[in-house]
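Asker: When you get a sec, could you give me coordinates for this:
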Amino acid sequence: MNAKKAKESYDAKIINLQERIRENEASAQTTIDSLIDANLDLTYFSLDSDEEAKTYFEEKGYDAKKLELTISDQIISQNKAGKDNPIVPFVGMEGNMSINKVRLLNHRWIIADFTDGVYWGQLFIVYDVREDGVVDFEVEKSFLYPRS
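Answerer: Next up, the predicted model:
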């Protein structure tokens with residue numbers, strides 16, 4: 001009789017654990033779906049997710065991903081010790097203005113983040129890849145956050 005009760009107890013625990021596993025799997029799938037949706041929203045404005053912009057570059061003979069890395073490197077490589085990045089239209093007040101982050105939105109527009117360590121701001125840059133492969137940049141808009 002004791003063995004039968006022990007088996008029933010173990011069977012009940014197994015059923016309970018199987019149910020918890022099913023609930024956790026459903027919850028995990030909901031979380032995964034939510035993260036996928038959030039990722040799609042976050043990457044909506046990016047060269048990587050803009051098929052028309054990628055096609056534009058591919059038709060000109062460029063690999064969009066490589067070009068994106070090259071352009072980002074061109075902008076960030078202008079950060080030099082002891083000097084402001086020349087793309088940033090503000091003079092560093094607490095240090096040198098340097099660009100931290102660059103995102104190509106499409107085949108014409110870039111947003112970038114910059115700081116001098118205390119003050120920070122953002123840039124809206126228009127760019128063009130010329131026939132000879134040279135990239136021209138023009139800061140269209142910029143702003144510096146007020147220090148709190």
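
Asker: Next, please give the residue ranges for the strands of this protein.
Answerer: Using DSSP state E, the strands of the chain run over residues 98-104, 109-115, 120-129, 135-144.

Asker: centre of the chain versus the longest helix belonging to the chain, how much separation?
Answerer: Across the chain, the helix with the greatest residue count (assigned by DSSP state H) is helix 2-42. Its chain's C-alpha centre and that of helix 2-42 lie 33 Å apart, by C-alpha atoms, centre = their mean, to the nearest Å.

Asker: what does stretch 38-53 give?
Answerer: Computed by C-alpha atoms, centre = their mean, the chain-centroid distance of stretch 38-53 equals 9 Å.

Asker: Can you measure across it, start residue to end residue?
Answerer: 22 Å (C-alpha to C-alpha, to the nearest Å).

Asker: shouldn't F90 be in contact with I99?
Answerer: No: counting by C-beta atoms under 8 Å, F90 does not reach I99; the two are 11.6 Å apart. The C-beta positions use only the backbone N, C-alpha and C, and glycine is treated the same way.

Asker: where do the contact lists of these two overlap?
Answerer: Jointly contacting F90 and I99 under the rule C-beta atoms under 8 Å, 6 or more residues apart in numbering are F114.

Asker: Of the two, which one has the most company?
Answerer: Between F90 and I99, counting by other C-beta atoms under 10 Å, I99 is the more crowded of the two (20 against 17).

Asker: shouldn't that one be in contact with V88?
Answerer: Yes: if you go by C-beta under 8 Å, I99 and V88 touch, sitting 6.6 Å apart.

Asker: What is the burial count for G117?
Answerer: Residues near G117, counting by other C-beta under 10 Å: 12.

Asker: contacting residues around the residue nearest to it when sequence neighbours are not counted?
Answerer: Of all residues not flanking G117 in the chain, G95 sits nearest, at 4.3 Å (C-beta to C-beta, 6 or more residues apart in numbering). Contacts for G95 (C-beta under 8 Å, 6+ apart) come out as 116-118.

Asker: Go through these and say which is closest to Y62.
Answerer: Distance to Y62 across the contacts of G95 (C-beta to C-beta) is lowest for D116, with 33.5 Å.

Asker: Count the neighbours of the closest one for me.
Answerer: Neighbour count for D116, taken as other C-beta under 10 Å: 19.
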